[in-house]
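1. With the sequence up front, the predicted model follows.
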Amino acid sequence: MTETSAMGPVIAVVGPSGVGKDSLMEALAAGDQNLCLMRRVVTRAPEAGGEDYDAVSEEAFSKLVADGHFALHWPAHGLHYGIPHQIEALRAAGRGVLVNLSRAVLLQAQEVFGDFIVLSVTARPEVLAERLTQRGREDSAEVQRRLARARQPLPAGLRRLHQIDNSGDLQQAVAAARAAIYSTAVPERA
Ligand SMILES: Nc1ncnc2c1ncn2[C@@H]1O[C@H](COP(=O)(O)OP(=O)(O)O)[C@@H](O)[C@H]1O
Ligand SMILES: O=P(O)(O)OC[C@H]1O[C@H](OP(=O)(O)OP(=O)(O)O)[C@H](O)[C@@H]1O
């Protein structure tokens, strides 16, 4: 990605709840002007905190879907998530756009976005449990449901996939993610 690139890649950051997707994306974007965050639309209560997202009702979300507002949308955790078409404007500046996606929509996203990199973030199971509890955004029942979903597999057929271990220090995962992103940047057109 450089200022002269026509379009930046979409960089999907995926993995189980509590693995550190939002933390990794925020740290990556904070340290690199060529990377930016995609703000999602989620039917989660606005006061839930965590990521910076647009909170909407289920009814409003359905209307946004009907109006063709989203480049991608999916259900998960009893919620609905949407990525507005605005993501294309962010890419047009030649920046890589970081976005937290469900593992279930990665092949669809690869078709929709074309220049698409997947960072599969991992952490040891005991680390996930500790982090979800410490985050405190979900109640204990929901934490258990999310831990049960942790081993959801990635689909076959992803063209640019990197595994990032975030079991340890966040900055180590940030360095590994940066290396992965820039190792697969589309070669400059001659
Ligand atoms: N490498 C890390 N070391 C320690 N705590 C972390 C690390 N990465 C994330 N966390 C913490 O773990 C919790 C879950 O992180 P979050 O980014 O919300 O994960 P996800 O978006 O994958 O659910 C947060 O409280 C966050 O501050
Ligand atoms: O199908 P999966 O790959 O299991 O992902 C399920 C959902 O979890 C993540 O959302 P969110 O960031 O709201 O949840 P999290 O913070 O618990 O990861 C992700 O963006 C999906 O919407």
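-> That came through fine. Ligands and ions are numbered 1, 2, ... in the order given.

2. going forward, measure contacts between C-alpha atoms and count neighbours the same way
-> Fine.

3. interface residues of this structure facing ligand 2?
-> Neighbours of ligand 2 within the chain, by C-alpha under 6 Å from any ligand atom: 14-18, 76, 100-104, 149.

4. Please pick the buried ones from the residues you listed.
-> Using 16 or more other C-alpha atoms under 10 Å as the burial test, the residues of the chain next to ligand 2 include 14-18, 100-104 as buried.

5. Need the max-distance pair from the residues you listed.
-> G18 and A104 (17.3 Å; C-alpha to C-alpha).

6. on that earlier part again, show me which of the buried ones among the residues of the chain next to ligand 2 is closest to Y53.
-> Among those, and counting by C-alpha to C-alpha, the member closest to Y53 is N100, at 11.1 Å.

7. close enough to count as contact, the closest one and P16?
-> No. Between N100 and P16 there is no contact under C-alpha atoms under 8 Å: 11.0 Å.

8. do you know how far the spatially closest residue to R135 that is not a sequence neighbour is from A92?
-> Excluding its sequence neighbours, the residue lying closest to R135 (C-alpha to C-alpha, 6 or more residues apart in numbering) is G18, at 7.9 Å. Distance of G18 to A92, computed by C-alpha to C-alpha, to the nearest Å: 31 Å.

9. ok, back up a step: in CSV: the buried ones among the residues of the chain next to ligand 2, plus pLDDT.
-> Converted to CSV, those look like this (pLDDT from 0 to 100):
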residue, pLDDT
V14, 98
G15, 97
P16, 96
S17, 94
G18, 95
N100, 98
L101, 98
S102, 97
R103, 97
A104, 96
